[in-house]
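Enquirer: Return a 3D structure for these sequence lines:
(chains A and B)
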Number of protein chains: 2
Amino acid sequence: MCVPGCEEAVLKRLSRRGLFKGFGAVTAAGFAATAVPGVAAAQSTARSFSKVVDLTHTMSPDFPTFFGVPGIEMQKQFDFKKDGFNLYWWRIIEHAGTHMDAPIHFSEAGATIDKIAADQLVAPLAVIDITAKAAADVDALVTVADIEAWEKAHGKLPDNCVVAMNSGWDKHVTSPKFMGKDAGGVLHFPGFSPEAAEFLIKNRTVRGMAVDSASLDHGPSKDFKVHYMWLPSGRFGLECVANLGAVPPVGATIVVGQPKVKDATGGPSRILALV
Amino acid sequence: MCVPGCEEAVLKRLSRRGLFKGFGAVTAAGFAATAVPGVAAAQSTARSFSKVVDLTHTMSPDFPTFFGVPGIEMQKQFDFKKDGFNLYWWRIIEHAGTHMDAPIHFSEAGATIDKIAADQLVAPLAVIDITAKAAADVDALVTVADIEAWEKAHGKLPDNCVVAMNSGWDKHVTSPKFMGKDAGGVLHFPGFSPEAAEFLIKNRTVRGMAVDSASLDHGPSKDFKVHYMWLPSGRFGLECVANLGAVPPVGATIVVGQPKVKDATGGPSRILALV
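Expert: Take a look at the predicted model:
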């Protein structure tokens, strides 16, 4: 895979040396379209990008959580005027804001967050758009049919990818609709169906699952089936992801900047897409 | 910038067409060393990689800090055997472990960490190796001469880059040598010189500065001149960075996964290099 413009650079340089006389019919675009198959295959892990998209919500004590208490409390320990510099101490919940679920979060002996190798944190990103369905049904699920429809449009899910649900729920993050608690205390927001999780585990090579809602399982779930299936399988989850509507369905690279904390079960993460 | 192997692909394809007869002396490496300046500039935003290198230390209560107390304390709030899932609450110091200093850390009104745009967090990485000097002098400094020597070998510092000091100090992280406190309570470890910081601010376009020691200023500094010059200028700092010896002096891309916490002056960060 060549960086856009790279071929032009090579061609131009050769042209300067006079090697391209009478070779005007071969354009850079022509090169890109007819790369040498063997060489291209050897470079299949190379990825390129020219833009960064932030997939992270700003974390604050106001961010909605499952726990009925703020996900972060900040205590100013040093102040510029008094001490010459500013510094806070934070008390945070591992699973609040835009964050990662490590396998150990829902298993007895799965990987803690510090044991997930760095190269697992950089992956092809596949975004499944269920915004229309979720606008009509707050408990909408990503189904096997949604995955199949995505693959019909964009090809098979890339190996070692992160599969993301874009339900449009990031837009509700400052409203009670984000958690969707009803009069009976039941939550309502979209998530993955257990069948879709099972399909991805058994039939595809997927590293992680991402949702723009508060949980991999949709709001009314009582058994957290997706969590109990997905995380113990050694895969990670990403929750409260933002701006998935700003990246293409296929072709972007996700970078998960999770904190490398010993024994942690998850953690607030800076998640970026390289497009 | 070309993906490794891309030039080979182009050359191979041309060679197949018989255009390279008698051109054996020009190797792919030769191309990389002599890119067309104009074209390279036009492509400055497109970047590529095929490998991920972790530049982050694992954080734990044992990690050395400035504050005489652990940089993180973890409290297990839920346990898998009892509750069906694992979850900790953390109490952390913003400036401990591998972390970012935001401009507000040493200024009255600089940017907080959440105000640093995502595209500032992905940058060309330039690594200045002072391991030999630091092995002979625990208080070694990156000087203007070191920057000039780097540029003589590798070309001008890339625009909008992060400049990193590789002093080899990451290897001392589990030893008292990392902070280097002497009998008089003075710390000893390498850092940037104020003159080098001033040179970078005035003469180059640099986004951030990274060190593999505990501070941008070297250990014995009493006035934190580099902090007070660098951070109020709107640039960020990265401290306790690991594995800088595993990335090339030029050509890698640094990704700073800092936590997007409202009002924060810094934060534990997952720092990766894309090579």
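Enquirer: and residue A:102, how many neighbours?
Expert: Each residue near residue A:102 was counted by other CB atoms under 10 Å in any protein chain shown, and the total is 28. All C-beta atoms are positioned from the backbone trio N, CA, C, and that covers glycine.
Enquirer: Could I get the phi/psi values of the closest residue to it other than its chain neighbours?
Expert: Closest residue in space to residue A:102, ignoring its immediate chain neighbours: residue A:113 at 4.2 Å, by CB to CB, 6 or more residues apart in numbering or on different chains. In terms of degrees, to the nearest 10, the main-chain angles of residue A:113 are phi -60, psi -30.
Enquirer: With residue B:107 as the reference, measure out to residue A:113.
Expert: Residue A:113 is 32 Å from residue B:107, where distance means CB to CB, to the nearest Å.
Enquirer: More neighbours: which of these two?
Expert: residue A:113 (27 against 19).
Enquirer: Okay, now the unreliable bits of the stretch 151-275 of chain A?
Expert: Judged against pLDDT under 70, the stretch 151-275 of chain A has no low-scoring part.
Enquirer: What parts of it come near chain B?
Expert: Neighbours of chain B within the stretch 151-275 of chain A, by CB under 8 Å from any CB of the partner chain: A:224, A:227, A:255-266, A:268-272, A:274.
Enquirer: mind checking the SS state of residue A:147?
Expert: Put simply, residue A:147 is helix when judged by DSSP: H, G, I helix; E, B strand; the rest coil.
Enquirer: Could I get the full set of strands for the stretch 101-250 of chain A?
Expert: Secondary structure of the stretch 101-250 of chain A (DSSP state E, counting those that start in this stretch): strands located at A:122-129, A:141-142, A:161-166, A:191-192, A:206-211, A:236-239.
Enquirer: Packing partners of the first one?
Expert: So the one you mean is strand A:122-129. On a contact count with 3 or more CB pairs under 8 Å, 6 or more residues apart in numbering or on different chains; DSSP states H and E, strand A:122-129 meets helix A:144-154, strand A:161-166, strand A:206-211, strand A:252-257.
Enquirer: Recalculate using a threshold of 10 Å.
Expert: With contacts defined as 3 or more CB pairs under 10 Å, 6 or more residues apart in numbering or on different chains; DSSP states H and E, strand A:122-129 has these neighbours: strand A:47-49, helix A:144-154, strand A:161-166, strand A:206-211, strand A:252-257, strand A:270-274.
Enquirer: now the ones you listed as a markdown table including distance to residue A:94 and mean neighbour count?
Expert: What follows is the helices and strands packed on strand A:122-129, written out as a markdown table (distance: least, CB to CB, whole Å; neighbours: other CB atoms under 10 Å in any protein chain shown):
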| stretch | distance to residue A:94 | mean neighbour count |
| --- | --- | --- |
| strand A:47-49 | 29 | 22 |
| helix A:144-154 | 29 | 15 |
| strand A:161-166 | 20 | 26 |
| strand A:206-211 | 17 | 25 |
| strand A:252-257 | 15 | 26 |
| strand A:270-274 | 15 | 26 |
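Enquirer: Dump these to CSV, plus distance to residue B:209.
Expert: Output for the helices and strands packed on strand A:122-129, formatted as CSV (distance: least, CB to CB, whole Å):
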stretch, distance to residue B:209
strand A:47-49, 24
helix A:144-154, 41
strand A:161-166, 31
strand A:206-211, 32
strand A:252-257, 19
strand A:270-274, 19
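Enquirer: returning to that earlier point: give the contact list for the residue nearest to residue A:102.
Expert: By CB atoms under 10 Å, 6 or more residues apart in numbering or on different chains, the contact set of residue A:113 is A:94, A:99-105, A:236, A:258-267, A:269, B:58, B:270.
Enquirer: Identify the residue spatially nearest to whichever residue of the stretch 101-250 of chain A sits closest to chain B, adjacent ones excluded.
Expert: Using CB to the nearest CB, residue A:118 is the residue of the stretch 101-250 of chain A that sits closest to chain B, at 3.6 Å. Distance criterion CB to CB, 6+ apart; nearest residue to residue A:118, sequence neighbours excluded, is residue B:54 at 3.6 Å.
Enquirer: The one you found contacts residue A:117, correct?
Expert: Yes. Under the criterion of CB atoms under 10 Å, residue B:54 makes contact with residue A:117 at 7.8 Å.
Enquirer: So which of the two has more stuff around it?
Expert: residue B:54 (19 against 9).
Enquirer: Between the two ends of stretch A:131-151, what distance do you get?
Expert: One end of stretch A:131-151 sits 17 Å from the other (CA to CA, to the nearest Å).
Enquirer: Between the strands of the stretch 101-250 of chain A, which one is closest to residue B:217.
Expert: For the strands of the stretch 101-250 of chain A, proximity to residue B:217 was assessed by CB to CB; strand A:122-129 is nearest, at 32.0 Å.
Enquirer: Just checking: what are the partner strands of the closest one?
Expert: Using DSSP bridges, strand A:122-129 pairs in its sheet with strand A:161-166 (parallel), strand A:252-257 (antiparallel).
Enquirer: Tell me the helix or strand right after the last one.
Expert: Going back to what we said before, that points to strand A:252-257. Per DSSP states H and E, the first helix or strand lying C-terminal to strand A:252-257 is strand A:266-268.
Enquirer: still on that earlier bit, for the residue of the stretch 101-250 of chain A closest to chain B, what are its contacts?
Expert: A:256, A:260, B:51-56, B:243, B:270-273 are the contacts of residue A:118 under CB under 10 Å, 6+ apart.
Enquirer: If we only consider the residues you listed, which is nearest to residue B:201?
Expert: Of the contacts of residue A:118, the one sitting nearest to residue B:201 (CB to CB) turns out to be residue B:271, at 22.1 Å.
Enquirer: next one: phi and psi at the closest residue to that closest one other than its chain neighbours?
Expert: Nearest non-adjacent residue to residue B:271, counting by CB to CB, 6+ apart: residue B:55, 4.2 Å away. Per-residue torsions, residue B:55: phi -100, psi 20 (degrees, to the nearest 10).
Enquirer: got a list of what residue B:55 touches?
Expert: Taking CB under 10 Å, 6+ apart, we find residue B:55 in contact with A:118, B:98, B:125, B:164, B:170, B:210, B:212, B:238, B:240-244, B:246-247, B:252, B:254-256, B:269-273.
Enquirer: do the same with residue A:252
Expert: Residue A:252 is in contact with A:47, A:49, A:51, A:53, A:55, A:123-127, A:162, A:164, A:244, A:246, A:272-275, counting by CB under 10 Å, 6+ apart.
Enquirer: Would you check how far apart it and residue B:58 are?
Expert: Using CB to CB, residue A:252 is found at 28 Å from residue B:58.
Enquirer: Check residue A:82 too.
Expert: On the measure of CB to CB, residue A:82 and residue B:58 end up 33 Å apart.
Enquirer: cool, residue A:57 as well?
Expert: 26 Å.
Enquirer: ok, those two, which is more surrounded?
Expert: Set residue A:57 next to residue B:58 and count neighbours by other CB under 10 Å: residue A:57 wins out with 23 against 20.
Enquirer: from memory the more buried one sits against residue A:238, does it?
Expert: No. Applying CB under 10 Å as the test, residue A:57 and residue A:238 come out as separate, 11.8 Å apart.
Enquirer: hang on, the earlier thing: possible to save the strands of the stretch 101-250 of chain A as JSON lines with distance to residue A:76?
Expert: Shown next, in JSON lines, are the strands of the stretch 101-250 of chain A (distance: least, CB to CB, whole Å):
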{"stretch": "strand A:122-129", "distance to residue A:76": "35"}
{"stretch": "strand A:141-142", "distance to residue A:76": "42"}
{"stretch": "strand A:161-166", "distance to residue A:76": "36"}
{"stretch": "strand A:191-192", "distance to residue A:76": "37"}
{"stretch": "strand A:206-211", "distance to residue A:76": "33"}
{"stretch": "strand A:236-239", "distance to residue A:76": "28"}
